[in-house]
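Enquirer: below are the sequence and a predicted model; questions follow.
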Amino acid sequence: ETGVTQSPTHLIKTRGQQVTLRCSSQSGHNTVSWYQQALGQGPQFIFQYYREEENGRGNFPPRFSGLQFPNYSSELNVNALELDDSALYLCASSSGQEGHTEAFFGQGTRLTVV
Amino acid sequence: AQSVSQHNHHVILSEAASLELGCNYSYGGTVNLFWYVQYPGQHLQLLLKYFSGDPLVKGIKGFEAEFIKSKFSFNLRKPSVQWSDTAEYFCAVRNTGFQKLVFGTGTRLLVSP
């Protein structure tokens, strides 16, 4: 186990709805990154939070937003869900903003948009 | 932009066969390199990583990888696979100045007993 926990594990939403996914980072880690893994693809970087500030963003529209809390846990919010948002959403935590550290992944949240 | 190519999408091997999975990346600067494994129903786990130093790195479960800078490659190897190695394998690269990982599309390995 990595110590990174995500909730919920599975979720079904209707197109147009909004969803919030949650991630608790590993103890001692202050950086959380979110990834989207579509079926048959590798994970794609959504954004990263470092000490409660967004610290880089991938090629995702603004309806993907996030938060990081003082305890370094994080939320991913997706508004106006589209069918193509169906994917496994992965959270990864690490220590530090850069440098020789590795990311530890949670088990992910499987989102299905119908 | 960085990208990672994994040449084999599906690999089928018998137990005790040798494994080599190809990974090439495109980025001109200094990078960190990773191989992750995803067993069915489990989270992504780090197999091995390269940050600097000896280009031949050893990871868990008997895996190793060689960083060849001139070829922008980081191929994964294992001399003798086991049925329990059945999983999906992802190569990833990271700019040393940032935590963002760029993943390849993955290679699905099936090891038959």
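Expert: Right, received. Where do you want to start?

Enquirer: what residues are up against B:Thr30?
Expert: B:Asn95, B:Thr96 (CB atoms under 8 Å, 6 or more residues apart in numbering or on different chains). (Glycine included, C-beta is placed from N, CA and C.)

Enquirer: recalculate using a threshold of 7 Å.
Expert: Neighbouring residues of B:Thr30 by CB atoms under 7 Å, 6 or more residues apart in numbering or on different chains: B:Thr96.

Enquirer: okay, it and B:Arg94: tell me how far apart.
Expert: B:Thr30 is 10 Å from B:Arg94, where distance means CB to CB, to the nearest Å.

Enquirer: where does pLDDT dip in chain A?
Expert: Within chain A, the segments meeting pLDDT under 70 span A:1-2, A:96-100.

Enquirer: can you rerun that using 80?
Expert: A:1-2, A:96-101 (pLDDT under 80).

Enquirer: for the residue most central in space within chain B, helix, strand, or coil?
Expert: Closest to where the C-alpha atoms of chain B average out (CA atoms, centre = their mean) is B:Trp35, at 3.4 Å. Classification of B:Trp35 by DSSP: H, G, I helix; E, B strand; the rest coil places it in strand.

Enquirer: got phi/psi on the residue lying closest to it once chain neighbours are set aside?
Expert: Using CB to CB, 6 or more residues apart in numbering or on different chains and skipping the chain neighbours, the partner closest in space to B:Trp35 is B:Leu47 (4.3 Å). For B:Leu47, the backbone dihedrals are phi -90, psi -50 (criterion: degrees, to the nearest 10).

Enquirer: B:Leu47 contacts B:Ile60, correct?
Expert: Yes - between B:Leu47 and B:Ile60 there is a contact under CB atoms under 7 Å: 6.0 Å.

Enquirer: the more surrounded of those two?
Expert: B:Leu47 (22 against 10; other CB atoms under 10 Å in any protein chain shown).

Enquirer: local confidence estimate at that one?
Expert: B:Leu47 is assigned 96 on the pLDDT scale.

Enquirer: and for the one 4 residues further on?
Expert: According to the predicted model, the pLDDT of B:Phe51 comes to 90.

Enquirer: near chain A, which residues of chain B are found?
Expert: B:43-44, B:46, B:49, B:51, B:90, B:96-101, B:103-106 (CB under 7 Å from any CB of the partner chain).

Enquirer: in strands, which of those residues fall?
Expert: Those of the residues of chain B next to chain A mapping onto strands are B:Leu44, B:Leu46, B:Lys49, B:Phe90, B:Leu101, B:Phe103, per DSSP state E.

Enquirer: can you list the residues that contact stretch A:24-37?
Expert: Residues contacting stretch A:24-37 (CB under 7 Å, 6+ apart): A:2-5, A:23, A:43-51, A:66, A:68, A:72-74, A:76, A:87-97, A:103-104, B:99.

Enquirer: ok, of those, which come out buried?
Expert: The neighbour count (16 or more other CB atoms under 10 Å in any protein chain shown) marks A:2, A:4-5, A:23, A:43-50, A:66, A:68, A:72-74, A:76, A:87-95, A:97, A:103-104, B:99 as buried among these.

Enquirer: take those and keep only those in helices.
Expert: Of the buried ones among the contacts of stretch A:24-37, none are assigned to helices by DSSP state H.

Enquirer: who's in contact with B:Ile68?
Expert: B:Pro55.

Enquirer: bridging residues for it?
Expert: B:Ser73 (DSSP bridges).

Enquirer: and it, how far is that from chain A?
Expert: Per CB to the nearest CB, to the nearest Å, B:Ile68 is found 20 Å from chain A.

Enquirer: I appreciate the help and will end here.
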